[in-house]
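Q: need the 3D shape of this:
(one chain, ligands or ions: 1)
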Amino acid sequence: MMNKPVNCNVAVIGAGMAGMAAAIFAANRGLSVVCVGKASEISFSSGCLDLFSRIPGSDMPAFDNPFEGIAALTKLQPDHPYAKVGREDIVQGFEEFTGFMNTSGIQYHCTPETNQKIITPAGTLKSTWCVPSAMYAGTRALAEKKKILIVDIRGLKGFGARQMAQSLKKHHPCMGSVTVEFPGRETAGDLMCERLTWDLETPDILSRFIGVLRPHTAGYDTVGLPAILGIYRFEELKNKIEKALGKTVFEIPTLAPSVTGMRTKEAFLGQLPASKVRHYPVMVKDITHGEAGFSFEVSEGIAVREVRAENLILATGRFMGRGLGVNASGNIREMLFDLPVTQPRDRREWFRRDFFNPKGHGVNRSGLETDECFRPLGRGGKVFHPKLYAAGSILAHQDWKREKSGSGISIASAYRAVDHLA
Ligand SMILES: Cc1cc2nc3c(=O)[nH]c(=O)nc-3n(C[C@H](O)[C@H](O)[C@H](O)COP(=O)(O)OP(=O)(O)OC[C@H]3O[C@@H](n4cnc5c(N)ncnc54)[C@H](O)[C@@H]3O)c2cc1C
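A: Numbers count the residues shown, from 1 in each chain. Have a look, this model is predicted:
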């Protein structure tokens with residue numbers, strides 16, 4: 001069954017950080033937007049917005065000031081996506097994105113010229129630019145050398161408070177740890193964050209959890225918990241625990257899939273109707289294109305609907321997002337338009353022997369070449385289609401994992417692309 005076609009100014013393919021940002025920016029400019037895509041890498045993210053920290057393989061230490069880092073990076077690597085975006089655009093893009101998330105219930109703390117630190121479940125400090133308010137008391141406590149208690153929950157996998165406090169002692173000596181039982185789950189065996197997150201939304205369990213925490217917090221200024229304080233009401237739950245304990249409380253992101261990443265996604269999806277963005281959580285198989293624009297089908301239950309778009313933003317990510325794949329001859333290919341992909345010449349150059357090699361792996365820099373406004377280049381080096389744009393991790397010449405630039409590249413490239421088409 002075919003539903004009536006939908007016409008729009010912009011179709012965004014991808015609902016990860018880049019697709020979300022592009023949809024928001026386009027809707028804010030009064031354009032009609034269709035956004036297509038399923039759960040993305042965002043569900044694994046810490047929820048912090050990274051801008052830039054480190055040049056992979058260079059002798060330079062991590063940058064405290066992300067903009068100094070980007071200036072040094074783009075001098076060394078003029079084909080990096082950040083070289084196509086000015087500082088003003090990055091700042092405005094972040095302001096617009098965080099403003100949108102704020103109306104959806106997630107507030108970020110960003111310091112203009114400096115990266116901030118958060119505690120990771122590996123017991124390391126991670127540099128990031130914008131910290132969600134649920135984690136911010138931890139960032140402040142680290143900066144102000146306050147006494148921090150890290151709490152873990154017996155049975156919770158991948159989160160060891162003792163090991164974290166031990167590893168972090170060299171950076172922050174006044175740190176303690178405790179393991180507590182989660183009310184009602186004392187005999188449950190392995191625990192999942194998502195389960196505890198739902199449990200804590202129940203007032204009785206929340207108050208018993210506070211009772212379990214209370215005897216351990218004397219002498220500490222702030223309490224770090226695994227990120228389990230709910231998907232939607234986390235500020236309310238955090239405030240209740242803080243009030244009851246008389247301490248500030250912060251969350252530490254957990255291993256994937258992370259509640260903090262899910263929150264980001266839910267906040268975005270929840271705000272889409274108000275922004276008049278139509279979202280289809282499906283995968284697009286084929287896109288036809290011509291002078292008038294683009295056309296593809298999305299499924300709606302048992303029915304199918306055609307989407308006709310004047311412009312298209314390709315924000316389909318790399319391998320995990322499914323923007324890139326590998327063909328039978330072992331070459332990396334772009335999955336929807338078969339756009340040329342810059343990649344190592346030989347498969348043996350995809351990976352280095354040492355997984356943690358600071359230079360990174362060749363395969364992680366593969367992606368699309370674009371012009372200055374992020375329009376992908378076709379074979380022959382010419383713009384593939386005047387109204388096709390690309391944003392996010394699908395872009396070539398960047399290793400967001402090692403650079404700590406995941407959200408930054410996504411937001412900045414989406415901002416620049418939408419600015420050009422609007
Ligand atoms: C474990 C982990 C932790 C991370 N932590 C952080 C962090 O702390 N801070 C930070 O800034 N960044 C972090 N990131 C990176 C960040 O989440 C994003 O991965 C990055 O910003 C790139 O986003 P993207 O939108 O380009 O791609 P993706 O997130 O991969 O999204 C691609 C989207 O395209 C869609 N798609 C693909 N093909 C199709 C198709 N044919 N039809 C329809 N839709 C399609 C997918 O469904 C998906 O929605 C982390 C990533 C991972 C994996």
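Q: all the strands of the stretch 101-250 of the chain, residue numbers only.
A: Here the stretch 101-250 of the chain has its strands, by DSSP state E, counting those that start in this stretch, at 108-110, 116-119, 125-128, 130-132, 148-153, 175-180, 222-226, 248-252.
Q: mind listing residues that contact the third one?
A: Around strand 125-128, the neighbours that count as contacts under CB atoms under 8 Å, 6 or more residues apart in numbering are 46, 48-51, 53, 62, 64, 115-120, 142, 168, 171, 404. Every C-beta, even on glycine, is put in place using the N, C-alpha and C of the backbone.
Q: again, but for stretch 319-330
A: Counting by CB under 8 Å, 6+ apart, the neighbours of stretch 319-330 from elsewhere in the structure are 14, 16, 40-41, 283, 314-318, 332-336, 341, 347, 366-367, 393-394.
Q: okay, and which of these map to helices?
A: Assignment to helices by DSSP state H places none of these there.
Q: from the residues you listed, which are also near the ligand?
A: Checking those against the ligand by CB under 6 Å from any ligand atom, the ones in range are G14, G16, S40, E41, M283, A315, T316, G317, L336, S393.
Q: which of those count as buried?
A: Of the members of those, the ones counted as buried by neighbours, 16 or more other CB atoms under 10 Å, are G14, G16, S40, E41, A315, T316, G317, L336, S393.
Q: quick one: the closest residue in space to E181 that isn't next to it in sequence from F182, how far?
A: Spatial nearest neighbour of E181, chain neighbours left out: R154 (5.4 Å); criterion: CB to CB, 6 or more residues apart in numbering. Using CB to CB, to the nearest Å, one gets 7 Å for the distance from R154 to F182.
Q: mutual contacts of these two, please.
A: Contact criterion CB under 8 Å, 6+ apart; residues shared by R154 and F182: L191.
Q: ok, these two, which is more surrounded?
A: Comparing R154 with F182 by other CB atoms under 10 Å, the one with more neighbours is F182, at 21 against 13.
Q: give the contact list for the more buried one.
A: Contacts of F182 were listed using CB under 8 Å, 6+ apart, and they are I153, R154, G155, L156, A188, L191, L196, D199, F209, V212.
Q: assumed G380 was part of a strand.
A: No. Using DSSP: H, G, I helix; E, B strand; the rest coil, the assignment for G380 is coil, not a strand.
Q: and it, how many neighbours?
A: Considering only other CB under 10 Å, G380 is surrounded by 7 other residues.
Q: can you list phi and psi of it for me?
A: According to degrees, to the nearest 10, the main-chain angles of G380 amount to phi 100, psi 0.
Q: how about the contacts made by it?
A: With contact taken as CB under 8 Å, 6+ apart, G380 is in contact with no other residue.
Q: spatially, what comes nearest to the single nearest residue of the stretch 1-150 of the chain relative to the ligand if we skip its sequence neighbours?
A: Using CB to the nearest ligand atom, the single residue of the stretch 1-150 of the chain nearest to the ligand is G16, 2.3 Å away. The shortest distance from G16 to any residue that is not its chain neighbour, by CB to CB, 6+ apart, is 3.3 Å, and that residue is S40.
Q: go ahead and confirm that neighbour touches G19.
A: Yes. Taking CB atoms under 8 Å as the contact criterion, S40 and G19 are neighbours in contact, 7.4 Å apart.
Q: helix/strand/coil for V307?
A: Classification of V307 into helix, strand or coil gives strand, according to three-state DSSP.
Q: thank you, goodbye.
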